[in-house]
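Novice: I would like to see how this sequence folds:
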Amino acid sequence: MLLRKEEGHAMTWLYILIVIGAYLLGSIPTGMIIARRMGVNLRRVGSGNIGATNVTRALGKGWGAVVLLCDILKGLIPVLVSRKVIGSEGWQAEIWLSSTVMAALLGHCFSVFIGFQGGKGVATGFGALVALTPLAAFLALCVWITSFSIYRLSALGAISAAASLPITIFMVYPSRIYLALSLIVAVLIFYTHRENIKRMIEGKEKGFKKRAKAS
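Specialist: As a prediction, this is how the structure comes out:
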């Protein structure tokens, strides 16, 4: 019995380390690092955000795609590791997995490496959700694509996807823990986009122009 208790304590510490690792990985300011190597200070360009959207505006679609992929992996990798170690069955596993998702997301939004500032959490949150509930992540992506295709506003796509997330999570995986997670994620995404929401209300939010069709 003592050995089992010791094993249990060891596993608990392992789970805690995974959550801490998720936060630290999420905290890596990928966009800022790449932009600095290109001689650009993202804080002084466009929206001042360090995410893929602003990198695209500052450095082009190629570098924007690189940052997007890196930010997605910051959420995907720790949750995959967490699932491998913890499993996915039972409420305890759901709590630890949800904690890993939130750690990666909070790391990206409030990075310890840049004074607890950061990005807006969309790409990292998407990566984490792909590892947690792929179908719900896909449905949220469909909402983002639809909204962006119509309005050409990345922020509106993100907000629309976040708003739909609790519904899609509950439809795909009716867990109270994951439902609570999706509500917290949605609130966080709305919070990180508060300036975008203000600009959209004022009609000042900058979008992406549609390509002109070749004649």
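Novice: Now for the closest residue to Asn196 other than its chain neighbours: which residues touch it?
Specialist: In this structure, Asn196 finds its nearest non-sequential neighbour in Ala155, 3.6 Å apart by CB to CB, 6 or more residues apart in numbering. All C-beta spots, glycine's among them, are computed from the backbone N, C-alpha and C. For Ala155, the set of contacting residues under the criterion of CB atoms under 8 Å, 6 or more residues apart in numbering consists of 193, 196-197, 200, 205.
Novice: for Val85, same thing?
Specialist: By CB under 8 Å, 6+ apart, Val85 lies in contact with 14-15, 18.
Novice: cool, Ile197 as well?
Specialist: Counting by CB under 8 Å, 6+ apart, Ile197 makes contact with 155, 159, 190.
Novice: Can I take it that it is in a helix?
Specialist: Yes: read with DSSP: H, G, I helix; E, B strand; the rest coil, Ile197 is one of the residues of a helix.
Novice: Quick check, pLDDT for it.
Specialist: We note a pLDDT of 94 for Ile197 in this prediction.
Novice: same thing with Glu7?
Specialist: Predicted confidence (pLDDT) at Glu7: the value is 62.
Novice: Same question for the one 4 residues further on.
Specialist: The predicted local confidence for Met11 comes out at a pLDDT of 83.
Novice: For it, the count of nearby residues, please.
Specialist: Met11 is surrounded by 12 other residues when neighbours are defined as other CB atoms under 10 Å.
Novice: buried set for the strand or helix carrying the residue nearest to Asn196?
Specialist: Using DSSP states H and E, Ala155 maps to helix 154-172. Neighbour-count burial for helix 154-172 flags 154-162, 164-166, 168-169, 172 (criterion: 16 or more other CB atoms under 10 Å).
Novice: Going by secondary structure, the residue most central in space within the chain is in what exactly?
Specialist: Closest to where the C-alpha atoms of the chain average out (CA atoms, centre = their mean) is Gly125, at 2.2 Å. When secondary structure is defined using DSSP H and E, the element that contains Gly125 is helix 122-132.
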